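Engineer: please work out how this folds:
(chains A and B)
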Number of protein chains: 2
Amino acid sequence: MKEDIIWAIIGGGHGGQSMAGHLAIMGCRVRLYNRTARTIEEINKLGGINIDGALQGFGGLELATTDIGEALAGAHVVVVVTPATAHAEIATKCASHLVDGQIVFLHPGAMCGAIEFREILRNAGCTANIPVAESNHLLYACRSAKPGYAEILAIKKDVLLATLPANKNNEILELLNEVFPQIRGARNVLETSLSNGAVIMHPAPTIFNLSMIESQHDWLYYSEGITPTIGAFAEDIDQERVALGKSFGFDLPSVRELYRLIYGVQGESLSEICRKNPAYEKIRGQKDLRTRYILEDIPFGLVPMIELGRMQGLSMSRMKLIAELGQYLLKDNSFLSHGRTLANLGLGNMTSEEFAMFVQTGERPVRHRGSPAMCRHSRRA
Amino acid sequence: MKEDIIWAIIGGGHGGQSMAGHLAIMGCRVRLYNRTARTIEEINKLGGINIDGALQGFGGLELATTDIGEALAGAHVVVVVTPATAHAEIATKCASHLVDGQIVFLHPGAMCGAIEFREILRNAGCTANIPVAESNHLLYACRSAKPGYAEILAIKKDVLLATLPANKNNEILELLNEVFPQIRGARNVLETSLSNGAVIMHPAPTIFNLSMIESQHDWLYYSEGITPTIGAFAEDIDQERVALGKSFGFDLPSVRELYRLIYGVQGESLSEICRKNPAYEKIRGQKDLRTRYILEDIPFGLVPMIELGRMQGLSMSRMKLIAELGQYLLKDNSFLSHGRTLANLGLGNMTSEEFAMFVQTGERPVRHRGSPAMCRHSRRA
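Structural biologist: Numbering: from 1, shown residues only, chains lettered A, B, ... in the order given. Below you'll find the predicted structure:
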């Protein structure tokens, strides 16, 4: 029963407040953690979150805290609703508090978030048996202008969920579906990772809007920023993502198809779809290049996709080009080396087959000195 | 004496009309060729070109024609004032008309224009001894709104000239300096080619203004389009150009230094310089990505620079990235293969030393079967 479940929402930004408020409005027991004290103080003054927009009401919280241990103690589901850039820090903070039976849900996982989270828990000495689920995107199109208030512009119609290890997926899905019927199961975290539209819709269009960003004009990200040529290029990048999926046996929907599934919007081109999507009408463009659309979606989105493409022998040339351009423009050459690379995810040297096995079981192949993947592979052949 | 020289200006666009009018106002004998009959008819109705702006007056022409043979017969200097995209066609058309003693001046040569022009004359069977000079940029910042009228926004203070072969340079420079004291001699056509600011100021900034271009807003190319980050990236690309020059023994001025030389404008950054340059105030931004800033300046500017970088073992990674991006955005993969590559310029397999000798003498090294450059080189070592 949903009244028995205690939810710890980690992150008090747009998405975290929207989800905390939404759950509480539905009658769930909700706690909220945020590292910024001022945000928590404001929310505690109100005693919860006011939700406006596609959904309206006040969601009272059991607890709002800057102490992650307090938020986690006794919680059944720990939902991490932060940028991917914060996942590693949160995994490190959670490691000593998590206990058997708890579930972590990265909402969303960006690309390979569950893999990274489990790897950090393991390296931090967490021995609890913690399944880590991830969704491909946030359930909400939302904005929070100030603590305690969130506007949910739209609740998406289709969110994919997978768990590492995959054999825990049905159990977790059943639990989440009680409150979120929009969530459906993916085969494994590779599928959720590859169904990430942010890598398509954020870095390249942001770069092609560079002059608009620095002009200090007010502009609308989707309805103005996805011009015909920008949309067409994004669809070309999308083909690299779909081809990568195909190489792993997935028949992934294109980004255009994703828009139909998520928002029920269709059109002749990506540019047209973005102009027609009512959930996008109010989403303003950046006024600074240094935003999540670059700082998160290149190292935590494009980079792991490029790396998996390398594993599969695919070129991913457009993705690489945009990742490199992002590095050059920001004069920060850490994206490609410090992002979610196979090495940083603990997947270095894995063969395609070993990786497929790993996402199923969560178990890394045992390596012995002098027997790297390629040797074992060729000995088998 | 300047009154004895007959000038044939090839090209009736912004630059061609500005130069024809300017020369005529100075009392020179000028002919104008353009392939579009309507332009020629309009100019013939007026009998010349009206010049406005930094220079004012009416320049009467001896002849305006669509017949290139008529324009060339008896002309002393043939000035080709067209986009680089037209050079090959014009060289082919001129080949059967040129005679010993005539001079061709590509104004400007873009990158390796004189090399291409001579190669086409040779392949077309032109046996006349024709030195081909080129400048690094156009003498004018100018616009022509309609045939017979040109606005010269500024006459640049510094234009470089070199001739293929280089030993003809002083003679041609002396002739041109009678009317154009702003022109000074470069060491050879490699120096004029490498002193091309268009490769820095056009392709990358155009791409980063993609959303501005397709928004259909009115915008100003230099004073708005060269934002701080775009300007900084252009300066990074410029370092690749300067490093390429250094590898050939040239101490090239940076693009910022070029602005001081050409327009007398200085500033802390390229972005600031572009905002401060009065000659740039009125230059509007494109409303279509398919303009010369991409279609000319990638295949005829970035591509030969990338190719020479390869000859010198330099990476040119930012230039390559922009050239590839241009191809992807325009869905035209011919830039890198059909532009001014070493092979297309007849320079394939040349060593760096052979190339340096070639720009001096205009003579290509004689190749025998089975003795490509690398073999000969290593035998010598």
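Engineer: gap between the closest residue to residue A:264 other than its chain neighbours and chain B?
Structural biologist: Excluding its sequence neighbours, the residue lying closest to residue A:264 (CB to CB, 6 or more residues apart in numbering or on different chains) is residue A:157, at 6.1 Å. (C-beta placed from N, C-alpha, C; glycine too.) Taking CB to the nearest CB, to the nearest Å as the measure, residue A:157 falls 29 Å from chain B.
Engineer: tell me the SS of residue A:157?
Structural biologist: Following DSSP: H, G, I helix; E, B strand; the rest coil, residue A:157 is assigned to coil.
Engineer: for residue A:326, see how far away residue A:251 is.
Structural biologist: Per CB to CB, to the nearest Å, residue A:251 is found 29 Å from residue A:326.
Engineer: more neighbours, those two?
Structural biologist: residue A:326 (25 against 7; other CB atoms under 10 Å in any protein chain shown).
Engineer: so that one is in which element?
Structural biologist: Per DSSP states H and E: residue A:326 is located in helix A:317-330.
Engineer: now the angle from that helix to helix B:317-330?
Structural biologist: With axes from the mean of the first three to the mean of the last three CA atoms, to 10 degrees as the basis, helix A:317-330 and helix B:317-330 are set at 130 degrees to each other.
Engineer: next helix or strand past helix A:317-330?
Structural biologist: Next in sequence after helix A:317-330, counting helices and strands by DSSP H and E, comes helix A:335-338.
Engineer: any chance you could list what contacts that following helix?
Structural biologist: The contact list for helix A:335-338 (CB atoms under 8 Å, 6 or more residues apart in numbering or on different chains) reads A:298, A:299, A:303, A:306, A:323, A:324, A:326, A:327, A:344.
Engineer: near chain B too, which of those?
Structural biologist: Among those, the residues within reach of chain B (CB under 8 Å from any CB of the partner chain) are residue A:324.
Engineer: ok, the contacts of helix A:335-338 vs chain B, which is closest?
Structural biologist: Of all the contacts of helix A:335-338, the one with the least separation from chain B (CB to the nearest CB) is residue A:324, at 6.0 Å.
Engineer: backbone phi and psi for the residue nearest to residue A:264, please?
Structural biologist: When read as degrees, to the nearest 10, the backbone of residue A:157 gives phi -90, psi -10.
Engineer: just the helices in the stretch 101-250 of chain A please.
Structural biologist: Listed in chain order, the helices of the stretch 101-250 of chain A (DSSP state H, counting those that start in this stretch) span residues A:113-123, A:169-177, A:189-194, A:198-201, A:203-208, A:210-215, A:228-247.
Engineer: so if we follow the domain assignment, how does chain A break up?
Structural biologist: Per automatic domain parsing, the domain ranges recorded for chain A read A:2-187, A:198-338.
Engineer: want to try CSV for the ones you listed, with mean pLDDT and distance to residue B:114 as columns?
Structural biologist: Listed next are the domains of chain A as CSV, based on pLDDT from 0 to 100; distance: least, CB to CB, whole Å:
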stretch, mean pLDDT, distance to residue B:114
domain A:2-187, 96, 50
domain A:198-338, 95, 32
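Engineer: list the buried residues of stretch A:279-296.
Structural biologist: By neighbour count on 16 or more other CB atoms under 10 Å in any protein chain shown, the buried set for stretch A:279-296 is A:279, A:280, A:283, A:285, A:286, A:289, A:292, A:293, A:294, A:295, A:296.
Engineer: perfect, I'm done here.
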